[in-house]
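> got a sequence here, can you build the structure:
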Amino acid sequence: MSVGLFIPCYIDQFYPDVGIATLELLEQFGVKVDFPEGQTCCGQPMTNAGCVDDARPLAHRFLHLFKAYDYVVAPSASCVAMVRHHYESHLGNHPDYESLKVKTYELCEFLVEVLKVETLDLSFPYRVGLHESCHGLRELRMGQSSELVGTAFSKSRQLLELIDGLEITTLKRPDECCGFGGTFAVNQEAVSCMMGLDRVADHEQADTQVLTATDMSCLMHLDGLIRRQKKPIHVMHIAQILAGRKPAEVTA
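Purely as a prediction, here's the structure:
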């Protein structure tokens, strides 16, 4: 299969190792990965801010660059949700959009649903707190959110449970928003920070050593609060854990 790797702009600019880890992980499973160098932002920030006319060319560019691949994979639930659920307003009835929508996957989704990963030759002897992002839960349905009745599941947790020595910590509110929300964190700074501090406190009571998620945007927000509060929690994207990275420093 051919996979087009989409790296969100904030990962490209601030957390490039997350993109590298994603590439290494996919190649470990024998996937032929290509990185279209002409890729840009998916257009989510502009769309959320109401600047639809500015976002539309980015959606068309994304379609042009990625339509030929068998699959499109990104280490970001929110960007994938943008493509699958919100590009229709930009692309309308474009004949290639339907196929793009169904073949665009978040990384953990791709590993579980397409590659059917059931074993990982990996050790990570730390207590890990999993943050289930809102886009992953409520738009991609990567896990069971508390407002819905049904059997509990989590595709991200399913992968973490395959890792030797990794202990997933128990949160009191496992599916609560971190408070980032893109421009929400700018327009409603105080509320955003209080929501983030609530999430950090939940991980503290659970004795989390490493906090992980599928969205680096959520982790960026939480990591800023953790560092400012000097909390003993290390932040890693799930791609980094699955690719064999170790935290630089973890408090026992």
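> report pLDDT for residue 249.
At residue 249, the model reports a pLDDT of 53.
> which residues of the stretch 101-250 of the chain fall in helices?
For the stretch 101-250 of the chain, the helices defined by DSSP state H, counting those that start in this stretch cover 107-109, 134-138, 155-160, 184-187, 189-205, 216-228, 238-242.
> comparing these, which yields the minimum mean pLDDT?
When the helices of the stretch 101-250 of the chain are ranked by mean pLDDT, helix 184-187 comes last with a mean of 77.
> mean confidence for stretch 18-27?
97.
> please shift the residue numbers so they start at 186 in all later answers.
Sure thing, new numbering starts at 186, so read that last one as stretch 203-212.
> list the contacts of that stretch.
Residues from elsewhere that reach stretch 203-212 (CB atoms under 8 Å, 6 or more residues apart in numbering): 188, 190, 192, 196-197, 218, 220, 258, 260, 292, 296, 401, 422, 424-425, 427-428, 430. In this view, the C-beta of every residue, glycine as well, is placed from N, C-alpha and C.
> which residue is the nearest non-sequential neighbour of residue 268?
residue 289 (4.8 Å; CB to CB, 6 or more residues apart in numbering).
> my bad, residue 186
residue 255 (4.4 Å).
> that neighbour and residue 290 touch, don't they?
No. Contact criterion CB atoms under 8 Å: residue 255 and residue 290 do not qualify, at 10.9 Å.
> between these two, which one's more packed in?
Using other CB atoms under 10 Å as the criterion, residue 255 and residue 290 rank with residue 290 on top: 23 against 12.
> and the pLDDT for that one?
Looking at residue 290, its pLDDT reads 98.
> who does it form a beta bridge with?
residue 258 (DSSP bridges).
> quick one: it from residue 383, how far?
30 Å (CB to CB, to the nearest Å).
> and if you look at residue 209?
For residue 209 relative to residue 383 (CB to CB), the value is 34 Å.
> before we move on, what about residue 353?
For residue 353, the distance to residue 383 - CB to CB - is 20 Å.
> same drill for the two, tell me which one is more crowded.
When residue 353 and residue 383 are compared for neighbours, residue 353 comes out ahead with 19 against 15, by other CB under 10 Å.
> hang on, the more buried one packs against residue 342?
Yes. In this structure, residue 353 is within contact of residue 342 by CB under 8 Å, at 6.4 Å.
> residue 265: neighbour count?
Using other CB under 10 Å, residue 265 has 29 other residues around it.
> where in the stretch 236-385 of the chain is pLDDT low?
Nowhere does the stretch 236-385 of the chain drop to pLDDT under 70.
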